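Undergrad: what follows is a predicted structure for the sequence shown.
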Amino acid sequence: MRPQFVLFGSSIVQYSFYQGWGATLSHLYARKADIVLRGYAGWNSRRALKVVDKVFPKNAPKQPELVIVYFGGNDSTPPHKSGYGPHVPLDEYKENMRKIAQHIKGLSENTRIIFLSTPPIDEAKIKENMNEFGQPIRTNEECRKYSKACLEMCLEENIKAIDLWNLIQRKDNWKNVCIFDDGIHLTAKGNEIVSNEILKVLKVAEWKPSLYWMEMPPEFGEDSSYDPISSFGVKTNISNIPFPYHLQWDNPFVSKL
């Protein structure tokens, strides 16, 4: 059976198959691993924790080789006076993420994990983001706090993590290079940053076996008499060459846009 990679999280995960990092992984691993989307837009860590054992049952006949987890953006929104809404206090968020991580770690000794921290937001692009006093409702500073809490938990649990809050803001003029569509969700350019960073982690991780796409064998990748023949009359095995062929897909540092 093919290895299984599960993407678990809120809208940053659910929308990742629309010109996003999930689509890129699905493309590169098309003949190497099954990319399974478990994205739930609008969810927070509290709701995710309630169903983590249903999404990842411990008695499943096959456990994933890789799980990529993201929650935090919705948790970081301010509490509503009604008591409803996605806000989760910072300390609870950190412990929720820890419990999710521990559950996934317990699935199999071969299950690897990568957590994505809360990315920044572009407050000026978010519609209806001002309260009656003219102050922003969602703030980048709150995103920073939740990103930091996630990274601290990953360090404590010895889990690989990607610091999206700092990673994106290290880009020159990051607010004006079309990284965010609506101030919160990523454009194709923003998704490229995420997919490149995930590929970098997979490339350098000392996991046995490696989960980096170039080091995994393609399904039915053996040479065949049916392989395409070039204009020079040479058979070409294209089982390990993703389309478009001219791009340097084996180098995650190279922009694909």
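TA: Perfect, I can see it now.
Undergrad: just the CA trace of stretch 159-170, in CSV.
TA: The C-alpha trace of stretch 159-170 is given here as CSV (Å, rounded to 0.1, in the frame of the first residue of the first chain):
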residue,chain,number,x,y,z
ILE,A,159,8.0,17.7,16.9
LYS,A,160,9.1,19.4,13.7
ALA,A,161,7.4,22.8,13.3
ILE,A,162,7.4,25.5,10.6
ASP,A,163,7.3,29.1,12.0
LEU,A,164,4.9,30.6,9.4
TRP,A,165,4.5,33.9,11.4
ASN,A,166,8.1,34.8,11.0
LEU,A,167,8.7,33.0,7.7
ILE,A,168,6.2,35.0,5.8
GLN,A,169,7.1,38.3,7.4
ARG,A,170,10.8,37.8,6.4
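Undergrad: let's number from 240 now, not from 1
TA: Yes, from this point I'll number from 240; that puts the last item at stretch 398-409.
Undergrad: residues in contact with that stretch: which ones?
TA: Outside stretch 398-409, the residues that touch it by Cβ atoms under 8 Å, 6 or more residues apart in numbering are 340, 344, 351-359, 382-383, 386-387, 389-390, 392-394, 413, 418, 429, 432-433, 436-437, 440, 444. Every C-beta, even on glycine, is put in place using the N, C-alpha and C of the backbone.
Undergrad: go again using 7 Å as the cut-off
TA: The contact list for stretch 398-409, computed with Cβ atoms under 7 Å, 6 or more residues apart in numbering, reads 340, 352-359, 382-383, 386, 389-390, 393, 413, 418, 432-433, 436-437, 440, 444.
Undergrad: buried among the residues you listed? Need that as a selection in PyMOL.
TA: Applying 16 or more other Cβ atoms under 10 Å to the contacts of stretch 398-409 leaves a buried subset, and the PyMOL line that selects it is:
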select buried, resi 340+352+353+354+355+356+357+358+359+382+383+386+389+390+393+413+418+432+433+436+437+440
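Undergrad: which ones among the contacts of stretch 398-409 lie within strands?
TA: 352-355 (DSSP state E).
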